Structures are given as C-alpha cells and as structure tokens.
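Student: I would like the atomic coordinates for the input below:
(one chain, ligands or ions: 1)
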Amino acid sequence: MMRERARRRNTQRPSVRRTRPAPVRWHGDALRGIMRIPPTASAPAMLRFYYSLAPNPMKVALFLEEAGLAYEAIPVDTRKGEQHAPAFRAINPNGKVPAIVDGDVAVFDSGAILLYLGEKTGKFMPPATPAARAPLLSWMFFVASGLGPFCGQAVHFEKYAPEKVPYAQKRYLFEARRHLSILDARLSSRRYMLGDDYTIVDMNVWGWARLAPFVLGDEGAWSSFPHLRRLVDEIAARPAAQRALALKERHAFKSEMDDEARRAMFQHL
Ligand SMILES: N[C@@H](CCC(=O)N[C@@H](CS)C(=O)NCC(=O)O)C(=O)O
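Tutor: Numbers count the residues shown, from 1 in each chain. Here you go, the predicted model:
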C-alpha cells in the first residue's frame, strides 16, 4: 500500500527541472538584452536596468547600488540609435534611458524609477505622511521638470546645436544656473534635500548637479554653489556612487557625435 502511494506520488508529480535563466551580460547589444528571460520560482528574473552613462541613468544606478539590489545592466547606446529599437520602445515609448523592467513591471523616466524603487523597497524614503511626502514630491518634480530639462537644453545649445542661437544659449544657461541656485539655497540650512536623511531626492539632484561646471561651461561654477557642492562631494565619496560610476568600465559606448549619433539623438534635424 505504502509502496503504491509512493509510486503514485512520483508519477503524479513530474519533476520540474528548473533551469537558471542565462543572464545577458555586458557583451550583449540592446536587442539581446531586451529579450525576455522567463522567471522561474527558484530564480526570479533579475531587475533589468537599461542605461547609458548620461546623468539620468546614473541616478538610477546610484539607487540600485545604494539599495544593494541585484540588477542586470543593459547598455543602450543612444549614439547608435539603440533607444529607437522597437523592443526598447515597448519598454519606454519615449525612447530614452533610463528604464527598468522589474518582473512584469516596466518603468521609465529617472524620477519615476526612483519613486517606484523607493516605494517598493522602503529605502531612502521619508515617512509616508502627507507632511513628509509634500516636499518629497515637490523636489522630485522640480528636478524632473526644471533642473533636468534646463541643464539638458543648456548643454544642447552650448555644445551640439548645429547653429549658434544666442537667445537660447542665454535663456537655458540662465535657467540652469537659477535651478542650481535654488538647490544651493535649500541646502544652506539642511544637510540633505529633505532634512537629516539621505533620500531619493538627493540621488535625483546628484544626476545633473554633479555636472554643474560642465553644464554652465564654467570651471569656477562651484564657487557659486558651496552647499550643493558639499552634497555632491559627499555623495561622490559614497562607495555606491563609485560603483555606479564604475559602470563606465563595463561597456564601450560610442563616443563620437557624428552624423549617425546626431540622426539618432536629434531627430528634428
Ligand atoms: N525625463 C527623462 C529624460 C531621459 C533622457 O533625456 N535621457 C537621455 C540621456 S540623459 C537620453 O536617453 N537621450 C537619448 C535621446 O534623446 O535620444 C528622465 O529623467 O529619465
């Protein structure tokens, strides 16, 4: 009887051979990386992080490293136009990095990813009270709608626009500087953007703020933003920031801003 039961157990429960998904590593191109890797119960798919070395992906790299999350970094070479691959557009219809795929969930836009990961892990977040969420959301959107776009356009008109447009140069440099000044003023009376604790807002700020001299085309720019500089330097000294920046050793992104790169990144040309 017992032997019969054991026989039935063995035949009724076919053994499932769980194979570990073969992770796509650094050598893959964007399309290889974008392919879905089916999760198994024993080995859930690793979070996939689509990145380049630009400021917005670097903030997300910082969070992933700070939180100690396992992730698979998949380079998207925007100067080769890989951001327009249909498989990548399915993840980020906006065709820009960063983006992540976490199980069945895709998230794009650096601020949204920071909020998503912060809420999911509970790390680097202020208390979930209206009073604490108000400055969190205000500063997250300040970076997303102000600091990021104005710094980006300042760099574009200074360094990449095919013609010099003095009015645009002046306006974007002015606005980039103005946004950096607002951050500096905020940090003059508190250690971090939200007070005593290091949060996703500081990571969000770090993405562009660490490049202030480059954005403003002014080597001496830090003298105008001593408090912001203190924050940027403090973050730069963190092991997680060093690991995030070390992503540059992992993949050789195209460096030339040639016709192919311009066609990929400045589609209005
Ligand atoms: N609002 C987006 C902006 C993303 C963005 O502009 N990404 C740049 C790199 S920092 C990019 O992918 N550029 C390639 C392109 O525009 O084609 C975010 O914060 O993630």
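Student: where's residue 131, which helix or strand?
Tutor: helix 130-142 (DSSP states H and E).
Student: let me fix that, I meant to ask about residue 48.
Tutor: strand 47-51.
Student: just residue 72 next, same as before
Tutor: Using DSSP H and E, residue 72 falls in strand 71-75.
Student: what's the local residue count around the residue of the stretch 151-269 of the chain found nearest the ligand?
Tutor: In the stretch 151-269 of the chain, no residue comes nearer to the ligand than residue 265, which is 4.2 Å away by CB to the nearest ligand atom. C-beta here means a position set from N, CA and C on the backbone, and glycine is covered the same way. Residues near residue 265, counting by other CB atoms under 10 Å, number 17.
Student: with residue 192 instead?
Tutor: Residue 192 - counted by other CB under 10 Å - has 17 other residues nearby.
Student: thought it was touching residue 231?
Tutor: Yes. Applying CB atoms under 8 Å as the test, residue 192 and residue 231 come out as touching, 7.0 Å apart.
Student: now do the longest helix along the chain against helix 130-142, angle only.
Tutor: Counting residues, the longest helix found in the chain (DSSP state H) is helix 166-187. Put simply, helix 166-187 runs at 150 degrees to helix 130-142, going by axes from the mean of the first three to the mean of the last three CA atoms, to 10 degrees.
Student: return the distance of the nearest residue to residue 46 once chain neighbours are set aside relative to the ligand.
Tutor: Sequence neighbours aside, residue 72 is the residue nearest to residue 46 in space, at 4.7 Å (criterion: CB to CB, 6 or more residues apart in numbering). Per CB to the nearest ligand atom, to the nearest Å, residue 72 is found 19 Å from the ligand.
Student: just give me the neighbour total for residue 72.
Tutor: 18.
Student: roughly how far is stretch 261-269 from the heart of the chain?
Tutor: In terms of CA atoms, centre = their mean, to the nearest Å, the gap separating the centre of stretch 261-269 from the centre of its chain is 22 Å.
Student: what's the overlap in contacts for residue 192 and residue 231?
Tutor: Common contacts of residue 192 and residue 231 (CB atoms under 8 Å, 6 or more residues apart in numbering): residue 202.
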